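[1] Here you go, sequence then predicted model.
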There are 2 protein chains.
Amino acid sequence: MPPFELPADGHVIDRATLVDWVTTVVRHVGTPADMADDVAEVLVAADLRGITSHGTGRLPMYVALVEAGITDATERPERIGGTPAFGLWDGRNGWGPHAGRVVMDDVIDRATTLGIASAVIRHANHYGIAGWYPMRAASRGLIGMTMSNSTPLVAPTRGRTKLLGTNPIAFAAPAGRYGQLVLDMATSTVTWGRLLVAARRGQELEWGVAMDGEGRLTSTPAAVLADGALLPLGGVEATAGYKGYGLALMIDALTGVLAGANFGPFVLPFSLVGGPSDLGQLFLAIDPDAIDPGGFEPRLEALLDELTRAPTMPDAPGPVLIPGQPEAARDADQREHGIVLDHVHQDMLVKLGERLGLGFPAVISMADSGHLAVDA
Amino acid sequence: MPPFELPADGHVIDRATLVDWVTTVVRHVGTPADMADDVAEVLVAADLRGITSHGTGRLPMYVALVEAGITDATERPERIGGTPAFGLWDGRNGWGPHAGRVVMDDVIDRATTLGIASAVIRHANHYGIAGWYPMRAASRGLIGMTMSNSTPLVAPTRGRTKLLGTNPIAFAAPAGRYGQLVLDMATSTVTWGRLLVAARRGQELEWGVAMDGEGRLTSTPAAVLADGALLPLGGVEATAGYKGYGLALMIDALTGVLAGANFGPFVLPFSLVGGPSDLGQLFLAIDPDAIDPGGFEPRLEALLDELTRAPTMPDAPGPVLIPGQPEAARDADQREHGIVLDHVHQDMLVKLGERLGLGFPAVISMADSGHLAVDA
């Protein structure tokens, strides 16, 4: 998904400072130090890449789930079955980003000797931005993938009730001088996070991406949030929305169904009075050097050359981009000039800090941060 | 993709008769018998499932490619590298459906002992409907997947030239009393085959699925066929067409780029004066019993129960379908009552038979065939 716009009136915090504070908060609620490091790393990575909906803005909710006993802050994932190349893990309802990091690293290690390796995990929790895990594979020269099911928000084609999650798929590959090719996408046109932002800003939705509670298409975010549903990628049936539905269903089959976790409408939404989500996730890594040492990246560079230099549509807002390029640019900018938090985001973290007695660090204004490019 | 409509004035031929004739034709141009069996099986499977654009209607072109020396009718695929779980094959420019069947079977066999197995193939040719290969895995109780790159027809988001194929992804899983869950989709909204049919029938395209040679959106098939391009699944940038673009690019990275075949704009279109397409394809199988014997199918049935009984949108043309359901229904109908060929399709096969001295078998009219349901 493309980065959220940088708020012109936001406040800015240094990456290391934010990581330290998040780690402190996560440890404060009983999480062992090494696990807290993973949680902070993954959440701040989302902020850095501009995926504000999946970053530290979720920390207050994650903390509340731990405090309510819904998520277990101390449990570690365990490999409970499978073969050397294909594993079954039990997340034991611990922190999603820690379990995801452990399983992805195991899959990467195995793929470097076996050529390919994969694993599924049950009793998992939300693991932040899906793209973080395959990027970890790509940084070691491997191709990585992951998929997750999620809270039901999407109606199947022809349906009008929320039966599938926005079930993301993420893919990353090492891409030579392009860094990494990173695809990280929900299988709906928009995500719930985008919907919330549109509602807050009074923006209309594109036609064909969401419906109201009666199953009628609507462009009004409030009607969707009330009791509506998202349509899958592709939109209505006439524009092949059944392909997005098929992808979402495939992902649920490869995650919740395959791992023996919850699936479809049985995935519980985040709630302080319900039970754990019991998500299913799949991780996969392929070592290109297992079949052709050194051959993959130059070829991928050549393909990306063709795409990035392509002639554009008359009304194109800019050149052809490669997946992950806007997020990588945002990441580089915010590593240098600091992470920009909008007021709502900052207020949530300040309040969380006050409640826990762990004061949120000082921030500086956008004007003082050196951020050159502020989006419209 | 959904089945093509049954032409009311079509002619009908028995499945076995068509398979025999196609086998005879393929052997006639120098193909060994076992390889000809695979070609006929895969092409007729497309006709049976109603995917008319990928079936025996392509036989005249495939035969011409062999006769022109572009495709080598005698070459067999060879496993030239990799690990036990991840193989590299060389298709040696032989028949696509034969190489695909051999590689898929090898991957299935390995997955039954390793839990997961995958392979990529270079120097491959078009392999018909992608869904046929994972269905072979599902019929043995495994989850199957395949991807292929293809002739460049799709412009990347913001671009206006054909740089990527409609790169299909196919997935199948055993689904208990639902038979199989089969997703077989191009990563563009429409395929070139649909475009050709729309042009022939004077139909307009949906808005946002294709552009003309200047990069302007158009609903006129002729403008696209002249020098235009298809848009990826999702349509324009505002409706997340970059997700379809990202999927198409991911598939090219996992097939042509990974296998060391042609990729992107370098894939040669079918032509009697050019060279081989040199496609790349990926095959993958996972054995659910490797982690949870007997657990997968009942869970998938439970998910499909929820989807098929779901309440529908007010204007829905019918109940929620599961991917592959319309194709399976068409397959069952045509196995019983015969395969329906439209006039163009039948004429092509008759002419091919006349040219080769292998007369096309007698057909009967739709009225005499017992086909009950003729689509509007």
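    All right, it came through fine.

[2] looking at it, residue A:232 is touching residue A:188, isn't it?
    Yes - with contact defined as CB atoms under 8 Å, residue A:232 counts as touching residue A:188 (5.6 Å). Quick note: C-beta positions are derived from backbone N, CA and C, even for glycine.

[3] More neighbours: those two, which one.
    More neighbours sit around residue A:188 than around the other of residue A:232 and residue A:188, counting by other CB atoms under 10 Å in any protein chain shown; the figures are 33 against 29.

[4] what's near enough to touch that one?
    In this structure, residue A:188 makes contact with A:153-154, A:166, A:209, A:230-233, A:244, A:248, judged by CB atoms under 8 Å, 6 or more residues apart in numbering or on different chains.

[5] check the residues you listed against chain B, which are close?
    Subset of the contacts of residue A:188 in contact with chain B: A:209, A:233, A:244, counting by CB under 8 Å from any CB of the partner chain.

[6] Can you lay out those as JSON lines showing neighbour count and distance to residue B:130?
    What follows is the ones next to chain B among the contacts of residue A:188, written out as JSON lines (neighbours: other CB atoms under 10 Å in any protein chain shown; distance: CB to CB, whole Å):
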{"residue": "A:209", "neighbour count": "27", "distance to residue B:130": "27"}
{"residue": "A:233", "neighbour count": "32", "distance to residue B:130": "19"}
{"residue": "A:244", "neighbour count": "32", "distance to residue B:130": "18"}
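
[7] quick one: common contacting residues for residue A:232 and residue A:188?
    Overlap of the contact sets of residue A:232 and residue A:188 (by CB under 8 Å, 6+ apart) consists of A:154, A:244, A:248.

[8] Go through these and say which is closest to residue A:88.
    Minimum separation from residue A:88 among those (CB to CB) is found for residue A:248, which lies at 22.5 Å.

[9] give me the element the closest one is part of.
    Counting by DSSP states H and E, the element that carries residue A:248 is helix A:241-252.

[10] what's the angle from that helix to helix B:241-252?
    Angle of helix A:241-252 versus helix B:241-252, following axes from the mean of the first three to the mean of the last three CA atoms, to 10 degrees, is 60 degrees.

[11] what's next to helix A:241-252, contact-wise?
    Under the contact criterion CB under 8 Å, 6+ apart, helix A:241-252 has outside partners A:147-149, A:154, A:156-157, A:164-169, A:187-189, A:208, A:231-235, A:263-264, A:280, B:2, B:171, B:181, B:183, B:185, B:189, B:233-234, B:303, B:307, B:321-323.

[12] Residue A:35 touches residue A:75, doesn't it?
    No - applying CB under 8 Å as the test, residue A:35 and residue A:75 come out as separate, 9.2 Å apart.

[13] Same drill for the two, tell me which one is more crowded.
    Relative neighbour count places residue A:35 above the other of residue A:35 and residue A:75, with 23 against 18, counting by other CB under 10 Å.

[14] if we can go back for a sec, which members of the contacts of residue A:188 are positioned in strands?
    residue A:230 (DSSP state E).

[15] List phi and psi for residue A:214.
    Residue A:214 adopts backbone torsions of phi -90, psi 0, taken as degrees, to the nearest 10.

[16] Next: residue A:364.
    Dihedral pair for residue A:364: phi -120, psi 170, per degrees, to the nearest 10.

[17] any idea what sits nearest it, other than its immediate chain neighbours?
    The shortest distance from residue A:364 to any residue other than its chain neighbours is 5.1 Å, reached at residue A:12 (CB to CB, 6 or more residues apart in numbering or on different chains).

[18] which helices and strands does the helix or strand hosting that neighbour pack with?
    Using DSSP H and E, the secondary-structure element containing residue A:12 is strand A:11-13. In this structure, strand A:11-13 packs against strand A:339-341, strand A:364-365, helix A:366-369, with contacts taken as 3 or more CB pairs under 8 Å, 6 or more residues apart in numbering or on different chains; DSSP states H and E.

[19] Dump those to a markdown table, plus mean pLDDT and mean neighbour count.
    As requested, the helices and strands packed on strand A:11-13 are exported to a markdown table (pLDDT from 0 to 100; neighbours: other CB atoms under 10 Å in any protein chain shown):
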| stretch | mean pLDDT | mean neighbour count |
| --- | --- | --- |
| strand A:339-341 | 95 | 27 |
| strand A:364-365 | 86 | 12 |
| helix A:366-369 | 81 | 15 |
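
[20] now those in JSON lines, with distance to residue B:98?
    Formatted as JSON lines, the helices and strands packed on strand A:11-13 follow (distance: least, CB to CB, whole Å):
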{"stretch": "strand A:339-341", "distance to residue B:98": "55"}
{"stretch": "strand A:364-365", "distance to residue B:98": "65"}
{"stretch": "helix A:366-369", "distance to residue B:98": "61"}
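
[21] If I follow the layout properly, the residue nearest to residue A:364 ends up in contact with residue A:367?
    No - Residue A:12 is not in contact with residue A:367 according to CB under 8 Å; the separation is 9.5 Å.

[22] What is the burial count for the closest residue to residue A:316 other than its chain neighbours?
    Closest residue in space to residue A:316, ignoring its immediate chain neighbours: residue B:158 at 4.1 Å, by CB to CB, 6+ apart. In terms of burial, residue B:158 registers 23 neighbours under the definition other CB under 10 Å.

[23] Could you check the pLDDT of residue B:158?
    Per-residue pLDDT puts residue B:158 at 98.

[24] how near is residue A:162 to residue A:215?
    Relative to residue A:215, residue A:162 is positioned 11 Å away (criterion: CB to CB, to the nearest Å).

[25] Which parts of the stretch 151-300 of chain A are helices?
    Under the criterion DSSP state H, counting those that start in this stretch, the stretch 151-300 of chain A contains helices at A:192-201, A:221-227, A:241-252, A:258-259, A:296-308.

[26] Would you single out the least confident of those helices?
    Per-stretch averages of pLDDT across the helices of the stretch 151-300 of chain A put helix A:192-201 at the bottom, with a mean of 85.

[27] Contacts only, for the closest residue to residue A:216 other than its chain neighbours.
    What sits nearest to residue A:216 in space, not counting adjacent residues and going by CB to CB, 6+ apart, is residue B:314, at 6.5 Å. Each residue near residue B:314 by CB under 8 Å, 6+ apart is listed here: A:214-216.

[28] cool, residue A:352 as well?
    When the contact criterion is CB under 8 Å, 6+ apart, the partners of residue A:352 are A:25, A:59-60, A:63, A:360.

[29] And residue A:53, by the same measure?
    Residue A:53 is in contact with A:4, A:46, A:191, A:193-194, A:196-197, counting by CB under 8 Å, 6+ apart.
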